[in-house]
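Student: Would you be able to build a 3D model of this:
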Amino acid sequence: MVNTIEHTESQVWQLLSTVNDPEVPVLSIVDLGIVRNVSVHNAESITVTITPTYSGCPAMDVISMQIRLVLLEYGFKEVKVEKVLSPAWTTDWMSESGKEKLKAYGIAPPLPKQTVCKPDEFQEEEAIQCPHCLSYHTRLISRFGSTACKALYQCQDCKEPFDYFKCH
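Tutor: Sure thing, here's the model as predicted:
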């Protein structure tokens, strides 16, 4: 256990970047963008504010526990984890390195929405790239994948199924 007197916010952010998401273990909670704020009150007290990817995300209790454990180990005696729902989490909060880690792990990262013109209407669709062969020739299998924050797709070229981290 490290017992230091002064803790800086940047040190705490570094510690939080070692806490991995339990559902997508290649992403830290910082990469995922769910850590919204860090407040160091004194040498022994801290508040970490987090926003779930979905309001009913089952991983938040595990994440809160992991945050507490790493900060207690670092020497904080009083660790408060606040969950806030507003503003709602968005994939815009994910780090670019986190998106690259998703792709390397075999999950298509969220991509910018594109406007597709159809007769008499405009509809926004996402161009989903296969993380295996990089083809955009993919199709939606199910709007819900292995977790609520992912959808299931299949590549029409390499035929591999893959999760897509939904944009929202």
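
Student: Can you check the pLDDT for the most centrally placed residue in the chain?
Tutor: The centre of the chain sits closest to L32, judged by C-alpha atoms, centre = their mean, with a distance of 2.6 Å. Confidence at L32, expressed as pLDDT, is 95.

Student: oh, and call the first residue 3 from now on, that's how I've got it
Tutor: With the count now opening at 3, the last piece we talked about shows up as L34.

Student: roughly how far apart are it and F167?
Tutor: 10 Å (C-beta to C-beta, to the nearest Å). C-beta coordinates here come from the backbone N, C-alpha and C atoms, glycine included.

Student: Need the overlap of contacts for these two.
Tutor: V26 (C-beta atoms under 8 Å, 6 or more residues apart in numbering).

Student: ok, and the closest non-adjacent residue to the residue nearest to the centre of the chain?
Tutor: Nearest residue to L34, sequence neighbours excluded (C-beta to C-beta, 6 or more residues apart in numbering): D23, at 5.4 Å.

Student: from what I can see that neighbour touches L29, true?
Tutor: Yes - contact criterion C-beta atoms under 8 Å: D23 and L29 qualify, at 4.7 Å.

Student: Tell me who's in contact with C132.
Tutor: A110, Y138, H139, T140, Y155, C157, D159, C160, E162, F164.

Student: Filter the residues you listed down to just the ones in strands.
Tutor: Counting by DSSP state E, these place T140, Y155, C157, F164 in strands.

Student: Would you list the buried entries among the residues you listed?
Tutor: With burial judged by 16 or more other C-beta atoms under 10 Å, the buried subset of the ones in strands among the contacts of C132 is T140, Y155, C157, F164.
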